[in-house]
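Enquirer: Generate coordinates for the sequence data below:
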Amino acid sequence: MTKVALGPKTMIYPTPVVLAGAVVDGKPNFMTAAWCGVVNSRPPMVYVSLQHHRHTLKGIRQNLAFSVNIPSSDMVRETDYCGIISGSKIDKVDVCKFTLFKGTLDNCPLIEQCPVNLELKVVHMLDLGSHLLVIGRVEETYVSESCLTNGNPDIAKIKPFAYAVAPAHQYFGLGKVVGKAFSVGEEMKTGA
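Expert: Purely as a prediction, here's the structure:
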């Protein structure tokens, strides 16, 4: 297989799409973030990496709390909208007709329409240059009852989607199962 050098790029590919939420100057706001992931399991911690000028980041700094809301693919229009319009100019909650609910943390807005919601307390902020890495400890996780199977989150019911820069800044739904984790690799042990 021939490889082509593309230069230094952030090709962790694709990335999850979330709606990061915070209360900014007393008003709930959400922004689309695709640089988000897990950084620790005990205690559970998640990161979002946000550009310094983002309105939502202002609220995260004010309250040291934020939410990560995982939208379903049914919410792709609203999710994209939250990434192209600043909350400093418009009330995204009103435009997107989000229903908010309160969890255990103050100043941590959660979107009812999103199948999965995480409430986070900020534990670290690291200025990396173009972005501020915000690490939050998960205080509580909420999953829509309709997205559970036998009491566990069901990715097929949650219907998360991913973002890919190339070829043309697109969102992708998830496809079929390609293997069972911690199992499919067992075949390699026997030389099969």
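
Enquirer: which sections of the chain are below the confidence cut-off?
Expert: Scanning the chain for pLDDT under 70 picks out 190-192.

Enquirer: show me where it has helices.
Expert: Secondary structure of the chain (DSSP state H): helices at 55-63, 76-84, 92-96, 155-158, 186-189.

Enquirer: Which of these has the highest mean neighbour count?
Expert: Highest mean neighbour count of those: helix 55-63, a mean of 21 (counted as mean count of other CB atoms under 10 Å). C-beta: built from backbone N, CA, C; applies to glycine.

Enquirer: quick one on the thing from earlier: for L174, which of the helices of the chain is the nearest?
Expert: When the helices of the chain are compared by CB to CB, helix 155-158 sits nearest L174, at 6.7 Å.

Enquirer: Need the residues that contact the closest one.
Expert: 70, 72, 115-116, 143, 146-149, 174 (CB atoms under 8 Å, 6 or more residues apart in numbering).

Enquirer: all strands of the protein, in order?
Expert: Applying DSSP state E to the chain gives strands spanning 15-16, 18-24, 27-33, 36-41, 44-51, 65-70, 100-101, 110-111, 116-127, 131-143, 148-149, 152-153, 161-164, 170-173.

Enquirer: Could you measure from the residue lying closest to L126 once chain neighbours are set aside over to F30?
Expert: Among residues not flanking L126 along the chain, L133 sits closest, at 4.4 Å (CB to CB, 6 or more residues apart in numbering). For L133, the distance to F30 equals 19 Å [CB to CB, to the nearest Å].

Enquirer: which one of those two has more residues nearby?
Expert: Neighbour count, other CB atoms under 10 Å: between L133 and F30, F30 has more, with 32 against 15.

Enquirer: give the contact list for the more buried one.
Expert: 19-21, 56, 69, 82, 87, 92-93, 96, 98, 109, 111.

Enquirer: which one of those is nearest P153?
Expert: When these are compared for distance to P153 (CB to CB), N69 wins out at 14.0 Å.

Enquirer: wait, that closest one sits on N117?
Expert: Yes. Counting by CB atoms under 8 Å, N69 touches N117, with 5.1 Å between them.

Enquirer: Mutual contacts of these two, please.
Expert: Counting by CB under 8 Å, 6+ apart, the residues touching both N69 and N117 are 110-111.

Enquirer: any idea how far V68 is from the residue lying closest to P43 once chain neighbours are set aside?
Expert: For P43, ignoring the flanking residues on the chain, the nearest one in space by CB to CB, 6+ apart is R137 at 5.3 Å. Distance of R137 to V68, computed by CB to CB: 12 Å.

Enquirer: Between those two, point out the one with more neighbours.
Expert: Comparing R137 with V68 by other CB under 10 Å, the one with more neighbours is V68, at 24 against 15.

Enquirer: Give me the residues contacting stretch 89-101.
Expert: For stretch 89-101, contacts defined as CB under 8 Å, 6+ apart pick out 27-30, 78, 81-82, 85, 109-113.
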